[in-house]
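Q: Predicted model and sequence below, questions to follow.
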Amino acid sequence: MTRRAVALFSGGLDSTLAVLTILRQDIKVKAIKFRTPFDIDISPTMLHSYVSPSPTPPVKGGEIVGIAPVKGGKHIPAPYPADCRRVLSRVDLPSPLAEEGKGEGYRIFSNADRFGFEVKLIDLSDRFIEIVKNPEHSYGKNMNPCIDCRILMLKEAKKIMDRINAEFIITGEVTGQRPMSQRKDMLYHIDKEAGVTGYIVRPLSAKLLRNTIPEEKGILDREMFYDFSGRSRKKQMALAKEFGLKDYPAPAGGCLLTEPNFAYRLKDLLNYNPAPHIRDIYLLKTGRHFRYSPSCKIIVGRDKYENEIIESLSKDTDYLLEVEGFASPITLVTGEVTEEALNIAASICAMYSDAKNLSRVEVIVMKWDDRFSLRVPPAGNKIIEALRISKNG
Ligand code: SF4
């Protein structure tokens, strides 16, 4: 009889080791990578880091949006909203990671490929945004609702466990690694809230935790687990060596919600727009952001790649600005755009272009098939500082 388990899988070292530890006990593992707009590892950049000529369309009627290849590469569909006008022509978006073939997407799937387990990507965006807006267990240091996040992910994993007749859920959590959500008592609380008490196996810290149901049933041998705790990764690195696991990402501190500047931008967005469109959240990851008014934002690309992202996320109702004849950022103006807002956006665009030392700069303004130009002086520091949405000013 084939025994099955579901794993919460981030692609990082801990969750990979947890899976490998279980595979050693002849259990078939289905690893789930929950995708949210706040992922660092699968951002628009990373999404293009593992591309083959045969894109896989999203699965309809469910949440599964990508499947790791068993052999060879498959395109991971981008999570862009359908009404972004240029996105469908951007599956070949240039990415330094794609060129190197070594992005996080590559790592996640190449390790799964190598060690013989399946990874599914499941999009949790809508439900995740709701807990970010109203977490029951409050936030961590920034906008990260870690406890609610873990509860949500375990609830979703439980559904999959039931669906595929798996017997337990694996996570790579290590007690004491994070101050709040990985405290022993909190791990038990999270399990209870998610309705999975006894079914969560945390192989890296299992010897420090209560027996689980699969251990009691004799499905798992507790002696093959570990007693890791705390923030040091030394033991994990030694174990990785034992498994021959070489290619894994540096430990990350969490998702983008833990980053102060991103959290600040998100707070600004939710303050002016309590029900943001998902593409507004994707835009928060890219460029410099300026708030012109409660209903109008200006976003300026910082390099060629960000320019591509901003352009691909633009909608028919947005304005795109650019200084012609000079190296220039793509500047997006979105929301209720007035003539004055366009002039300010043009002056900001000019200020970040190679024409910034000219007294007046011609800026091209495009809105879908409409195109005209504005002549403006580059913005001074005062405007930049007054409008910029940044924790650091
Ligand atoms: S940092 Fe917290 S909120 Fe973000 S993915 Fe991890 S557990 Fe969830």
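A: Sure thing, it's come through. Residues are numbered from 1 along each chain as shown.

Q: going forward, measure contacts between C-alpha atoms and count neighbours the same way
A: Will do.

Q: Report the spatially closest residue to the residue in the stretch 1-150 of the chain that the ligand sits nearest to, excluding sequence-adjacent ones.
A: Residue of the stretch 1-150 of the chain nearest the ligand, by C-alpha to the nearest ligand atom: Cys146 (3.4 Å). Of all residues not flanking Cys146 in the chain, Ser181 sits nearest, at 6.2 Å (C-alpha to C-alpha, 6 or more residues apart in numbering).

Q: again, but for Val29
A: Using C-alpha to C-alpha, 6+ apart, the closest residue to Val29 is Ala5 (5.0 Å).

Q: what does Lys155 give?
A: Ala194 (5.1 Å).

Q: got it, and Lys207?
A: Closest to Lys207 by C-alpha to C-alpha, 6+ apart is Asp227, at 4.9 Å.

Q: and that neighbour, helix, strand or coil?
A: coil (DSSP: H, G, I helix; E, B strand; the rest coil).

Q: That one and Pro378: what is the separation?
A: 59 Å (C-alpha to C-alpha, to the nearest Å).

Q: Same drill for those two, tell me which one is more crowded.
A: Pro378 (24 against 15; other C-alpha atoms under 10 Å).

Q: Which residues are in contact with that one?
A: Taking C-alpha atoms under 8 Å, 6 or more residues apart in numbering, we find Pro378 in contact with Ala346, Ser347, Ile348, Cys349, Ala350, Met351, Lys356, Asn357, Leu358, Ser359, Arg360, Val361.

Q: residues in contact with the residue nearest to Lys155?
A: Ile151, Leu152, Leu154, Lys155.

Q: how about the CA coordinates for the longest helix anywhere in the chain, as PDB?
A: Counting residues, the longest helix found in the chain (DSSP state H) is helix 146-163. C-alpha atoms of helix 146-163 as PDB (Å, rounded to 0.1, in the frame of the first residue of the first chain):
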ATOM      1  CA  CYS A 146       2.100  34.800  10.100                       C
ATOM      2  CA  ILE A 147      -0.200  32.900  12.400                       C
ATOM      3  CA  ASP A 148      -3.300  33.400  10.300                       C
ATOM      4  CA  CYS A 149      -1.200  32.600   7.200                       C
ATOM      5  CA  ARG A 150       0.000  29.300   8.700                       C
ATOM      6  CA  ILE A 151      -3.600  28.400   9.700                       C
ATOM      7  CA  LEU A 152      -4.900  29.200   6.200                       C
ATOM      8  CA  MET A 153      -2.100  27.100   4.600                       C
ATOM      9  CA  LEU A 154      -2.700  24.100   6.900                       C
ATOM     10  CA  LYS A 155      -6.500  24.300   6.200                       C
ATOM     11  CA  GLU A 156      -5.800  24.200   2.500                       C
ATOM     12  CA  ALA A 157      -3.300  21.400   2.900                       C
ATOM     13  CA  LYS A 158      -5.800  19.400   4.900                       C
ATOM     14  CA  LYS A 159      -8.300  19.700   2.000                       C
ATOM     15  CA  ILE A 160      -5.600  18.300  -0.300                       C
ATOM     16  CA  MET A 161      -4.700  15.600   2.200                       C
ATOM     17  CA  ASP A 162      -8.300  14.400   2.300                       C
ATOM     18  CA  ARG A 163      -8.700  14.600  -1.500                       C
END
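
Q: which parts of it are buried?
A: By neighbour count on 16 or more other C-alpha atoms under 10 Å, the buried set for helix 146-163 is 146-158, 160-161.

Q: And the pLDDT for the residue nearest to Lys155?
A: Looking at Ala194, its pLDDT stands at 98.

Q: distance of the residue in the stretch 151-300 of the chain positioned nearest to the ligand from Glu385?
A: Residue nearest to the ligand within the stretch 151-300 of the chain (C-alpha to the nearest ligand atom): Gly254, separated by 3.6 Å. Per C-alpha to C-alpha, Gly254 is found 29 Å from Glu385.

Q: ditto for Thr197
A: 50 Å.

Q: for Glu311, same thing?
A: 24 Å.

Q: Repeat that for Leu20.
A: Leu20 is 50 Å from Glu385, by C-alpha to C-alpha.

Q: ditto for Leu124
A: Distance from Leu124 to Glu385, by C-alpha to C-alpha: 35 Å.

Q: The two: who's more crowded?
A: Neighbour comparison, Leu124 and Glu385: the larger count goes to Leu124, with 18 against 13 (by other C-alpha under 10 Å).

Q: just checking, the more buried one touches Lys33?
A: No. In this structure, Leu124 is not within contact of Lys33 by C-alpha atoms under 8 Å, at 9.9 Å.

Q: what bridges to the closest residue to Ser10 other than its chain neighbours?
A: Spatial nearest neighbour of Ser10, excluding adjacent residues (C-alpha to C-alpha, 6+ apart): Lys33 at 5.6 Å. Judged by DSSP bridges, the bridge partners of Lys33 are Leu121.

Q: Pretty sure Lys33 sits against Gly12.
A: No. Assessed by C-alpha under 8 Å, Lys33 is found out of contact with Gly12, at 10.6 Å.
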